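> Sequence plus predicted model, see below.
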Amino acid sequence: MAPSSDKPVREPIRKPWIWIVLALLLLAGVPLYWPPGTVEPIVLGLPLWALVTVASSVLLSAYLSWLCLTQWSVVEDAEEAEARAERERRADGRRGASGEAGA
Amino acid sequence: MNDLAFAGAPGIAVLVAYAVIMLGIGFWVSRSRPGVRDTLDNYYLAGRHLGVLVLFFTLYASQYSGNNVVGYAPAAYRMGFTWWQSVTFMTAIIGGYLLFAPRLYAVAKREGFLTPTDWLLHRFGGRRVGLLAALLMLWALANYLLEQLVAMGHGIAGLTGGTVPYQVGVVGFVVVMLAYSWMGGMRAVAFTDVMQGVTLLIGVAVMLAGGLYLAGGSLGDTVAHVVAAEPEKAAVPPVRDSVNWLSMVVMVGIGAAVYPHAIQRIYASRSERTLKRSLAAMAWMPLITTGVVFLVGFLCIELFPGLGDTESEQLVGMLANEVAGINVFFAAMMVLLFGGVIAAIVSTADSVLLSFSSIVSNDIYRKGFARGGDEGRALLVGKAAGIAAVAVLLALAWNPPTLLVNIFVLKFELLIQIVPAFIVGLYWRRLREAPVFYGMVAGALLAGGLSLAGVEDVYGVHGGLVGLALNTVISVAGSLLPARTPSGPTASAAPIGPSGAEERPAAGREERPEARPDDRPGGAEAPIAGA
């Protein structure tokens, strides 16, 4: 498969900041840094530690989803180029067939 | 799921309807795709052509079993906010995928891998790492399947009010499952997953709505009630529990991503774009599924105060009875939910069984006993092994062994031991076969030994992770030592680029049509040679 673009390969494993942020988000969601037994203060109807944990989960989902969509492109461009070429070949084939039928 | 108020004829009708739909999907796939059973690729990987929607739902249905509903709500009831960890660890699975899926997808497409073991054979050449990994995966899959079969039996008996006995229900649904799987392979399994996933999502959402209605409509009031009545369920857990939480996030995050049926869904994706879009959507599903189930369990702290551990296991059934009493709509939805729970168990079981059969077909039969044997025979062997496995597991489920029962709960603890070979091997060129093999043996023995000795964790860290730490140290340290002979048979990490074409074939890897150099996705990209 030939390369179709000069876009660089994007692979999460090669970017340390991705894993540092991920680790921080995971750690933020685990209540290791709160004094055990704490309930107060209550913020927005939830104990603050639980609110922080829930917010971390939402951020974690958003972050992972964003990573998948924007930081991962290894063979995508090549696959898309090949798919386009295949579609064009088929369209040419159909045009050829209908031309012969018309003649 | 005992004593459901709506059990009986409606439950039987819903189960029969689900069974008919599943069989219909299998029949439709076999008619619309005549070659679906002809090759291992078509049968086990849907011809590597799953699109975004179907891939998403099959990832979802394989990862979220009915057990996630029936078992997780009582855990939230007992542990309170501490069980929010279920959302975190299910989300972390996407992080686990990101560790290896981008590169594995490209290499698997290029080399035409069918099972996870194919990668290990390709990477390490020698057969022992692949064989040991295949055995660990089969063991984990079999135990996972056993869990699903038991849950399926209890679910059917509960929903039908005992009219359909446990054993009859399980055998009936196993026959249905085998029938549609055999008719349409992974494509049928994936399409049934769409139906099963949608049903489960709707059912759980309606249950939450009903629970909220019964609790007075305000989640804030429920939290205030829990803080006042059972503050320990709203309090920061002890340090050991928090360590256990983190350990669970790491173990499930990585372990669930390397389940063979999860890896095979990476292989089955139509394209990289399809795969990453499906996983991007999957990152939100823990909030929508385990998060909602958590809320259901949490609401029950107010609705059903004072239940003991055993009583709380019936929590979902108890809430469903109350919700069904609201009006006819909720009653009908609860019947559908419980049908959906059983369908979700079936959808997890079918994926696991298909993956089990593929490992036997490909790794044990074609690469082990009958090297390069024809695909038709390999498919037959895989199907026969699937039936044999289900028969043995059913015998175990109905006559549980009194000794060594802990062996039959080992899943993640053993499965996670393939991680150094599987993930580190993707990126680190120096990782060698012998240390990886001995590391895997040591890790599996330590993790299994801890479990058999009844040691669930060490200072909060799960036995599986303790084994993995030992395994990783042996694998890495052993690979850093000077080798007595020239390094391992292939000793290469996974290049995504054209250098892959120049790699010499590893022992035991056959030339597959998909592996022709001119077919290789990314063949002319810059090599990504890892270390």
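Structure's in. What do you need?
> Any stretches of chain A with poor pLDDT?
Within chain A, the stretches falling below the threshold (pLDDT under 70) are A:1-7, A:99-103.
> quick one: the helices in it?
Assigned by DSSP state H, the helices in chain A fall at A:16-28, A:48-70, A:76-102.
> Residues in contact with the shortest one: which ones?
Read it as helix A:16-28. By CB atoms under 8 Å, 6 or more residues apart in numbering or on different chains, the list of residues contacting helix A:16-28 from outside reads A:12, A:52, A:56, A:59-60, A:63-64, A:67, A:71, B:88, B:92, B:95, B:98, B:246, B:249. Every C-beta, even on glycine, is put in place using the N, C-alpha and C of the backbone.
> The same query, at a cut-off of 7 Å, please.
Contacts to helix A:16-28, defined as CB atoms under 7 Å, 6 or more residues apart in numbering or on different chains, come from residues A:Pro12, A:Val52, A:Ser56, A:Leu59, A:Leu60, A:Tyr63, A:Leu67, A:Gln71, B:Ala92, B:Gly95, B:Val249.
> Using the record's assignment, carve chain B into domains.
What the record gives for chain B is the domain set B:9-36+B:51-113+B:128-399, B:406-495, from automatic domain parsing.
> mind putting these in TSV, distance to A:Leu25 and mean neighbour count included?
Written out in TSV, the entries for the domains of chain B read as follows (distance: least, CB to CB, whole Å; neighbours: other CB atoms under 10 Å in any protein chain shown):
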stretch	distance to A:Leu25	mean neighbour count
domain B:9-36+B:51-113+B:128-399	9	21
domain B:406-495	20	20
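> So for chain A, which of those sits nearest?
Go through those one by one with CB to the nearest CB and the one that ends up closest to chain A is domain B:9-36+B:51-113+B:128-399, at 3.7 Å.
> roughly how far apart are the spatially most central residue of chain A and A:Ala62?
Within chain A, one residue has its C-alpha closest to the average C-alpha position: by CA atoms, centre = their mean, that is A:Cys68, at 1.2 Å. Spatial separation of A:Cys68 from A:Ala62 under the definition CB to CB, to the nearest Å is 11 Å.
> how does chain A divide up, domain by domain?
With automatic domain parsing as the reference, chain A has domains A:11-33+A:40-72, A:74-103.
> So which of these is the most surrounded?
Counting by mean count of other CB atoms under 10 Å in any protein chain shown, domain A:11-33+A:40-72 has the highest mean neighbour count of the domains of chain A, with a mean of 17.
> end-to-end on that one?
Across its full length, domain A:11-33+A:40-72 reaches 5 Å between end residues, using CA to CA, to the nearest Å.
> how far is that domain from where the chain is centred?
15 Å (CA atoms, centre = their mean, to the nearest Å).
> Same question for stretch A:64-75.
Relative to its parent chain, stretch A:64-75 has a centroid offset of 4 Å by CA atoms, centre = their mean.
> Grab the longest helix from chain B for me.
Longest helix in chain B by number of residues (criterion: DSSP H): helix B:166-214.
> got the contact list for B:Ala151?
Contacts were defined as CB under 7 Å, 6+ apart; by that measure B:Ala151 touches B:Gly66, B:Asn67, B:Val70, B:Ile345.
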